[in-house]
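Novice: Give me a 3D structure for the following:
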Amino acid sequence: MTIGILGGYGDVGAHAARRLLSLGLGPLRIGGRDVGAARRFANELSAGAVEHQAVDFRDDASLRRFVGGCRIMLNCAGPSHAIADRAARAAMEAGADYVDAAGDDTLYALLDDEEYRGRRRVAVLSAGLQPGLTALLPRWAAHQSFSQVQGLLSYFGVLDHFTEVAADDYLQAATDGVSEPLAAWRDGRRSGVLTRLRNAEVPFFPGPATLLPYLNTEGERLAASLRLARGDWYTVLTGQHILTAFDRVRSLERREAVAALRRASLLDLAGREPHVILLAQLDGLREGTPVTRTLVMRGRRNAELTGTLAALTTLAVDLGQVHAGRHFAAAVLEPLSTVGRLRESGAVSALDLLDTSIDALGATEEGFL
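Specialist: Numbers count the residues shown, from 1 in each chain. The predicted structure follows:
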C-alpha cells in the first residue's frame, strides 16, 4: 500500500517526500491541486516508486479518491485551519493512518480519540518544526540528563522566507489564542509576566536581537509533562522588517497581513544566510544534585526541518511505534531514536547538549556551531 502526501510538491511536502524515500519508505503518491506540478515532481523523484494524483483538500470526494489504497496519509498542505479535519476524516474512512505536519489544538479537538482507538488507527499532529521539534528536543534533553526538571528557558528564532501557507497559519494561531504574548509558566500559565527585550545579545544568534516572550499551548503541554515550576519562551527576531510587520498585521485584513509578512521576511533575508536556531536551558536535579544543561540546535530552513520531522513521524507510524489514538508528535515520538535519525538526516548542522548555561555560552560560543 502507498503513502500519500497531500501537498507533496510544496516546500514541506517535497522535503518530506525525499526524506521518506531516503528512509526506504514507499511507494509514494504525490498529490495537490496542480496535477502538472505533482507529475513533474513525481518524475523527478523516481518514476517507479512514486506516482502522482490531483487532489483538492476542499473537496471531500477528491480526498477520498486520493487516499484510497494508502496505508498512511501525510498532510503537508495548508493552511491548516482551512483543511480542518477533512483530510484526517478521509484517511479514517479509508482505513489509513494520518500524520499532519501542522495541525494543533483545533484539529486535535475535532478528532475522536475513542474512534481512533476503536478502529486501531493513528493520527499524529504537529509533526513539524514549531509545533513539533521545539517541544520534542527539550523533552529529549530532559530525558538525557535529569531525574527532575524544574525550569526551562527557550530562545527560538528563524530567518527564512514566510510562505503564504506559513504566514496564514501564523496569523490563525494568534487569532485562535494558541499563543499568548508576554505570558510564561509559573506552575501554570501566567499572563503578562514577561516583557519585550530590545538590543539583546543571545549566543549563536546574529545580534542585536529583539526578544518577544510568549507561551503557546505546545509550551503548556511540555511544561505540564515535565512538571516545570518555571518556563520562559522567547522568539528571537534579528530582522527589523519582520518585527515591524508583526506589530502591524493585527490591524490588517488577512490577505494583506499575509502579504506583509511574506514581504518583510524576504527583505530581512536579503543578503543573509537563512537559519533556524533553538537554545533551551534546562535546570533541575539528577539524583539530588543540581544540574544545568543547554540544548543547541541549528538548521538551515523551516521547510526542511518540518518535512524531516513529518517523515520521521511517518516512519514511526509505519513501524508500529505509535499506539492507536490521536497524539501530538512531540509527546508520542520516542525521543532518543527520533533525535538520532534527525542527526543522520543532515537537516541539522548542529544538535548538542552542553554542560553549561546559556549565559556561560555567551563568552565561549565560537567553535560550537
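Novice: per-domain residue ranges of the protein.
Specialist: Using automatic domain parsing, the domain parsing of the chain gives 2-125+305-335, 133-300+347-361.
Novice: now these in CSV, with distance to residue 341?
Specialist: Every residue, glycine included, has its C-beta placed from N, CA and C. Shown next, in CSV, are the domains of the chain (distance: least, C-beta to C-beta, whole Å):
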stretch, distance to residue 341
domain 2-125+305-335, 5
domain 133-300+347-361, 10
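Novice: Any chance of these in JSON lines with mean neighbour count and mean pLDDT as columns?
Specialist: JSON lines is the format used below for the domains of the chain (neighbours: other C-beta atoms under 10 Å; pLDDT from 0 to 100):
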{"stretch": "domain 2-125+305-335", "mean neighbour count": "21", "mean pLDDT": "95"}
{"stretch": "domain 133-300+347-361", "mean neighbour count": "18", "mean pLDDT": "94"}
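Novice: Contacts for stretch 311-321 next, please.
Specialist: Outside stretch 311-321, the residues that touch it by C-beta atoms under 8 Å, 6 or more residues apart in numbering are 3, 15-16, 19-20, 23, 25, 71-72, 74, 97, 99, 122, 124, 127, 322, 329, 333-334, 338, 341-342, 345.
Novice: and the residues you listed, which of them are in strands?
Specialist: With DSSP state E as the criterion, strands contain 3, 71-72, 74, 97, 99, 122, 124 from among these.
Novice: What's the first helix or strand after the helix or strand where residue 247 lies?
Specialist: Residue 247 belongs to helix 240-248 when assigned by DSSP states H and E. As assigned by DSSP H and E, the chain's next helix or strand after helix 240-248 is helix 254-269.
Novice: Tell me the strands beside the helix or strand following that following helix, with direction?
Specialist: Downstream of helix 254-269, the first helix or strand assigned by DSSP H and E is strand 275-286. The strands that strand 275-286 pairs with in its sheet are strand 148-159 (antiparallel), strand 289-299 (antiparallel) (by DSSP bridges).
Novice: Dump strand 275-286 to CSV, keeping only the CA atoms.
Specialist: Presented in CSV, the C-alpha positions along strand 275-286 are these (Å, rounded to 0.1, in the frame of the first residue of the first chain):
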residue,chain,number,x,y,z
HIS,A,275,18.9,29.8,9.8
VAL,A,276,16.8,28.1,12.4
ILE,A,277,18.2,28.2,15.9
LEU,A,278,16.9,26.8,19.1
LEU,A,279,18.6,27.3,22.5
ALA,A,280,16.9,25.7,25.5
GLN,A,281,18.4,25.7,29.0
LEU,A,282,17.1,23.2,31.5
ASP,A,283,17.7,23.4,35.2
GLY,A,284,16.9,20.7,37.6
LEU,A,285,18.2,17.7,39.6
ARG,A,286,19.8,14.4,38.9
